[in-house]
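>>> How does the following fold in three dimensions:
(chains A, B, C and D)
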Number of protein chains: 4
Amino acid sequence: MTEKSRRGEHDPIRVGVFGARGRVGTQVVAGVEAAPDMKLVATVDVGDSASDLTEAGAEVVVDFTHPDAVLDNLRFAIDNGIHAVVGTTGFTQQRLDTVAGWLGDKPGLGVLIAPNFALGAVLAMRFARQAARFYDSAEVVELHHNRKADAPSGTAAHTARVIAQARAEAGLAPGSDATTSELDGARGADVEGVRVHSVRLPGLVAHEEILFGGQGELLTIRHDSLDRASFVPGVLLGVRAMLNRPGLTVGLEHVLDL
Amino acid sequence: MTEKSRRGEHDPIRVGVFGARGRVGTQVVAGVEAAPDMKLVATVDVGDSASDLTEAGAEVVVDFTHPDAVLDNLRFAIDNGIHAVVGTTGFTQQRLDTVAGWLGDKPGLGVLIAPNFALGAVLAMRFARQAARFYDSAEVVELHHNRKADAPSGTAAHTARVIAQARAEAGLAPGSDATTSELDGARGADVEGVRVHSVRLPGLVAHEEILFGGQGELLTIRHDSLDRASFVPGVLLGVRAMLNRPGLTVGLEHVLDL
Amino acid sequence: MTEKSRRGEHDPIRVGVFGARGRVGTQVVAGVEAAPDMKLVATVDVGDSASDLTEAGAEVVVDFTHPDAVLDNLRFAIDNGIHAVVGTTGFTQQRLDTVAGWLGDKPGLGVLIAPNFALGAVLAMRFARQAARFYDSAEVVELHHNRKADAPSGTAAHTARVIAQARAEAGLAPGSDATTSELDGARGADVEGVRVHSVRLPGLVAHEEILFGGQGELLTIRHDSLDRASFVPGVLLGVRAMLNRPGLTVGLEHVLDL
Amino acid sequence: MTEKSRRGEHDPIRVGVFGARGRVGTQVVAGVEAAPDMKLVATVDVGDSASDLTEAGAEVVVDFTHPDAVLDNLRFAIDNGIHAVVGTTGFTQQRLDTVAGWLGDKPGLGVLIAPNFALGAVLAMRFARQAARFYDSAEVVELHHNRKADAPSGTAAHTARVIAQARAEAGLAPGSDATTSELDGARGADVEGVRVHSVRLPGLVAHEEILFGGQGELLTIRHDSLDRASFVPGVLLGVRAMLNRPGLTVGLEHVLDL
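Residues are numbered from 1 along each chain as shown, chains lettered A, B, ... in the order given. Model (predicted):
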C-alpha cells in the first residue's frame, strides 16, 4: 500500500522538516506553513528525536542539514516509509548508490536529492541545453556579490558544460572567435570551449545570463535570484512530486515534466 | 520511393527558390549558396517558368512570395514531388486544409508552412510555454523601432496567449496585481490576463523580453533580432527536415525536435 | 564660528539620529556606526528627549521620522546649531519656506531635505536630464514587486517629467511614434509626452530603466535597488556635506558636485 | 570677422565633405542632406580638387578620410577659413600640436577632432566618470560580433581607465574582491584595477555595459550601437558647434555642454 493510497485526495500533505531551525530550514518551515495543500506536522533539529516524524504521521520529510547528518536522517525516513526531499550537499555517487539500495526494498517510496531547488536556475539550464545546438556560439556571464570566493560560480560552470555537451552531441565545432589581440583574461574562462565571465560587485545577489548568438539574432536566458527564499517553491514542488514518484530521483529537472 | 532513398547520404540537397529576386528571397538564395550541405539548382521569380525547378532536379523549394501566388507554387511543387518550405503569409485554416489534401496522395512528400523562421523567436515562445506554469506571474515587454504600426507586436501578443494558455492548463489563477492607482496605460495591454508593454524608439530593431516572477527570483527570456537575415538558419533547418518529414507541418517548432 | 571651525579635521563627525528605532532609522544607525569618519553620539525616538543630542554634542542629526514630528525636530536642531539631514516625507513649499526662514538667523548651519537618498536613483535622474536633448525619443520602464499600489512609480513619473522638461528646453518636438493600431495600454502611460511602462511581478524589488533611442543606437540607464539599505550611503554623504554647506538644500543631487 | 558674423541666423550651414564616397563619408553626406539646418555644398574625394570647397563657399568641412590625407585636408581648410570636424584616426599629440599651431593665426576658426562621434558612447563615458566615485566598485562588460580582433574593445578599455582615474582622484581604494579560487580568466582583464569582460558572438554588433555596485543597489549604463550610421548625429552636432567654438577641440564631449 503506497502513501498515496492511504490519503484522501484533498487531505493536505503531512510534511516534516529536518534541520528546521537552520537558516534554510526556517524558510522551508515557513513555505510549508504557507502552502494550502500541506500541513507542517513535525520539525526536527539537533537535540530533537526523529521519532517525532513518525508520531506525527509525516508523509514527506525535507532535509537541508549537513553531510554528516543527512544519511542517518534518510535511513530513518526510508525505514519508516517517509518520502524525502533533500537539498543537503555532499552526495557522491557512492552515497547516491547507498540511498538507492535502501529504496530497493521500499517499492512505493520516493527520495529526491537535488543540488539546486531554484526553479529558474533549473529551467535556465534546461533551456540552455535545448537551445545550444541551434546557435553558432554561446557564452555565459554570471554576476554575484563581491563576497563570493569562487569564479566562475558552480552553476555557471555547470551550465557551460551542459552547453558544450549539447553542442558536441549535435556535432557542432567550437564557436569561431577572431580574437588575435587579448588583454589577459578579457575573453573569460574557457569551460570546455564555452567562455564564462564572472562579474563581482557589492549590491549584486546571484544572477546568470546565458547568451546564444546566430545570424542576425541573439537569444538570452537570464536568471536572477534576489532572495534566499527562491528555493522554496522548488522544494514544495518536490514534496508534491514524491507522493507519486517512487525510487531515487537526482535533480529537480526530472520532476518538472518539461 | 521517398526523396531520401533516391539520394546519397552525402549528396548536397538540391534546392530551388520561388521569389528569388524578392527582398527575402535574395537572402534565402545567399543562405542556400553558403550552406555546405545544399546546392542551389533553380531560382524562379515573376516571369520565370516553374518548370525550371523540375528540369534542375530540385528536391526542396523555398517559397517567400505572395498570398496570391503561393498556392499555385505549392500545387506545382507537390504535383512534381518537390518538398516545400513556405514563409509566405496568408494561410487560413482553409488554405492549410487544401494543402494537406494535396499531400494526401503523396506519401513521401513534406511541406512546412511557418509564420516565423527566426530560431530565437521560436525557441523563446517554446521556453515561455514550458516555464509558464512554474511562476506566479508573467509579463512581456517588446521593443521595436518607431516606424512600427501595431502595438503590441504580433509575436508578443502570441507569446502572451501561449503563456495564458499554459497557465490555464496548469490551473493557475491570474497573477496577483496590487495596483490601485494607475495612470492610464501604465500597466500595459491585457492579453488574456498577461500584461504586454510596447516600447518604440528609433535605434531599436526587434526585441522581445518575457519575464517570469516567483518567490525571490526572476526568469527572463530575451530575443533580439538585429538583422533581417536572422530567419535564414531556420529556413535551412526546415529544408533539411522536409527530406524526412512527410505530410503538412505547421510551425517551425515541430521540426526542432526539442 | 561655524561647526567646521570648532572641530579638528580628523575628528569623527558627531552624529545623532531622530527616529532611531524605526525601520529606516535602524539602518541609519548601523550605517553611521560602520562609517570610519563618523561617531554615533545620540539616538532619539518617541519617548526620548531631544536634549540628548545637545548633551552628546551632536554636530549633525539625521531625521527619518514622520511629517507630524519632523518640523519640531528641525526647530530643535536649528535652535541648537545642529546641522540636519532629512528624509522624512511631506515637505510642501510652505514647509520648506518655514525651514529656510529658521535658517536665516543661523549663517553657518546647513539642512538637507531630500525625497530620495539612493545614489543610483539620483544619478540616473541626473544622467537622464543630461542625455535627454541628444536623442530623438525616450521611454521609461519601471519594474516593481507586485505589492506596489501605484503605477507608474513616483520616481519613474518624475524621471519622465525631467526628460520632458529637458527636451522642451532644447526645443525638441515629441518623439515620433508611428503606432496606428494599439491594444489599449500597450504603449504605456503618457507622462508629458514620455511613455512610461510599469511591470509588476513577484520576485522584483525596485528597478528603473530609462531608454534613449537615436539613429542606429540606444543609451540605457538602469537602476536596481535590491535592498532597503541602499539609501544609507546617500545619507552619509549628506551628513558629510552639511558641515560645509550652509542654508537649505533640497535634493541630494545638489551635494554630489557632479 | 568670424564665420558666424557673415551668415544670417536662419541660413543653412554650408557643409563640405572630404572622403565623400567612402563608406563613412557616404553616410555623412546623407546625414548632411537630411539635416534641415544644413546644406551640402561640396563633396571631395580622391581625384577631386579641394578648391571645390572654397568655390562652393563651404563654412564647415567634415573629414573621415585617412591618416595620410587628413593633415593636407586640414591645412587647406584652415588656410581658407573653413571650420573642420574630423573623425579620421591617427592623431598623435604631435599632430594635434601641429593643427593647434595652424589655428593660432586664425582666431575665429574651429576644428574638432574626435575618436568617437557616437553620442551614446560619449555620454556613457561621461556618466561613468561622474558616477565612479560614488560606488564601491565598477566593472565593464563589452559585447561585440565574433569578427572583432581585439579584446577588450578600445572603448571599453578607455572607459575602465576613465573610471580608474575618477576613483583615484576621489581617493577610493580598489573595489574589494573576495575571489580566492578562480578559473583562469573568469574575472576578466584588469585595466588599472577595473575588470573588463569581452563577449564575442555572431549576431552581436557593438555593445558596452558599465556596472557600478554599492550597498544594496546597482547603476548600469549601457550603450548599444546597432548600425554604423550611429555616428552621424554626433558629426552634425560637431558641425553646428564649430561655428561658435574657435580653436582646437579634442573629443566630442567638450561640445556637448553637459
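
>>> neighbours of A:E55, just the number please.
Number of residues near A:E55 (other CB atoms under 10 Å in any protein chain shown) recorded here: 11. C-beta coordinates here come from the backbone N, C-alpha and C atoms, glycine included.

>>> sorry, that was for A:R21
As a burial measure, A:R21 scores 14 neighbours (other CB under 10 Å).

>>> Next: A:G251.
Residues lying near A:G251 (other CB under 10 Å) number 14.

>>> Ok, A:A69 next?
Residues within reach of A:A69, counting by other CB under 10 Å, total 14.

>>> Equivalent analysis for the one 5 residues further on, please.
Around A:L74 sit 24 other residues, with neighbours defined as other CB under 10 Å.

>>> Check A:A166 too.
Neighbour tally, A:A166, other CB under 10 Å: 18.

>>> A:F91 too?
Using other CB under 10 Å, A:F91 is surrounded by 18 other residues.

>>> Chain A - how does it break down into domains?
A:13-117+A:229-250, A:119-226 (the TED database).

>>> hey, where'd the strands end up in chain A?
Shown for chain A, the strands assigned by DSSP state E span residues A:13-18, A:38-44, A:60-63, A:83-86, A:110-113, A:137-144, A:150-151, A:181-182, A:189-191, A:194-200, A:206-214, A:217-225, A:247-250.

>>> Name the surrounding residues that touch the fourth one.
The contact list for strand A:83-86 (CB atoms under 8 Å, 6 or more residues apart in numbering or on different chains) reads A:3, A:59-64, A:70, A:73-74, A:77-78, A:109-114, A:235, A:238-239, A:242-243.

>>> Turn the strands of chain A into a markdown table, including mean neighbour count.
Below are those laid out as a markdown table (neighbours: other CB atoms under 10 Å in any protein chain shown):
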| stretch | mean neighbour count |
| --- | --- |
| strand A:13-18 | 26 |
| strand A:38-44 | 21 |
| strand A:60-63 | 28 |
| strand A:83-86 | 28 |
| strand A:110-113 | 26 |
| strand A:137-144 | 26 |
| strand A:150-151 | 22 |
| strand A:181-182 | 12 |
| strand A:189-191 | 19 |
| strand A:194-200 | 27 |
| strand A:206-214 | 24 |
| strand A:217-225 | 25 |
| strand A:247-250 | 17 |
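
>>> Can you add mean pLDDT and give those back as JSON lines?
JSON lines is the format used below for the strands of chain A (pLDDT from 0 to 100):
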{"stretch": "strand A:13-18", "mean pLDDT": "98"}
{"stretch": "strand A:38-44", "mean pLDDT": "97"}
{"stretch": "strand A:60-63", "mean pLDDT": "98"}
{"stretch": "strand A:83-86", "mean pLDDT": "98"}
{"stretch": "strand A:110-113", "mean pLDDT": "98"}
{"stretch": "strand A:137-144", "mean pLDDT": "98"}
{"stretch": "strand A:150-151", "mean pLDDT": "96"}
{"stretch": "strand A:181-182", "mean pLDDT": "94"}
{"stretch": "strand A:189-191", "mean pLDDT": "97"}
{"stretch": "strand A:194-200", "mean pLDDT": "98"}
{"stretch": "strand A:206-214", "mean pLDDT": "97"}
{"stretch": "strand A:217-225", "mean pLDDT": "97"}
{"stretch": "strand A:247-250", "mean pLDDT": "97"}
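
>>> could you dump the ones you listed to CSV with distance to B:S181?
Shown next, in CSV, are the strands of chain A (distance: least, CB to CB, whole Å):
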stretch, distance to B:S181
strand A:13-18, 39
strand A:38-44, 35
strand A:60-63, 40
strand A:83-86, 42
strand A:110-113, 44
strand A:137-144, 34
strand A:150-151, 44
strand A:181-182, 53
strand A:189-191, 48
strand A:194-200, 37
strand A:206-214, 31
strand A:217-225, 27
strand A:247-250, 47
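
>>> What distance do you get for the closest residue to A:H158 other than its chain neighbours to C:R21?
In space, and not counting its chain neighbours, A:H158 is closest to A:M125: 7.1 Å by CB to CB, 6 or more residues apart in numbering or on different chains. Separation of A:M125 from C:R21 (CB to CB, to the nearest Å) stands at 45 Å.

>>> do the same with A:V199
Distance from A:V199 to C:R21, by CB to CB: 37 Å.

>>> same deal with A:M242?
A:M242 is 45 Å from C:R21, by CB to CB.

>>> now do A:F18
Look at A:F18 and C:R21: by CB to CB, they are 37 Å apart.

>>> Show me which residues of the stretch 151-258 of chain A are close to chain D?
Contacts of the stretch 151-258 of chain A with chain D, taken as CB under 8 Å from any CB of the partner chain, map to A:151-152, A:157, A:175-191, A:195-204, A:211-218.

>>> same thing but 6 Å
A:151-152, A:176-183, A:185-189, A:197-204, A:213-214, A:216-218 (CB under 6 Å from any CB of the partner chain).

>>> Give me the subset of the residues you listed that also touch chain B.
Okay, of those touching chain B (CB under 6 Å from any CB), that's A:214, A:216-218.

>>> could you point out where the stretch 1-150 of chain A is predicted with low confidence?
A:1-7 (pLDDT under 70).

>>> residue of it with the smallest distance to chain B?
Proximity of the stretch 1-150 of chain A to chain B (CB to the nearest CB) peaks at A:G120, 4.0 Å away.

>>> contacting residues for that residue?
A:G120 is in contact with A:223, B:217, B:219, counting by CB atoms under 6 Å, 6 or more residues apart in numbering or on different chains.

>>> out of those residues, who's nearest B:G104?
B:L219 (42.6 Å; CB to CB).

>>> Identify, from the contacts of A:G120, the entry nearest to chain C.
Nearest to chain C among the contacts of A:G120, counting by CB to the nearest CB, is B:E217 at 5.1 Å.

>>> From the contact counts, what lies against the top helix by length along chain A?
Scanning chain A for the helix with the most residues, using DSSP state H, yields helix A:154-169. If you count contacts as 3 or more CB pairs under 6 Å, 6 or more residues apart in numbering or on different chains; DSSP states H and E, helix A:154-169 packs onto helix A:119-131, strand A:137-144, strand A:194-200.
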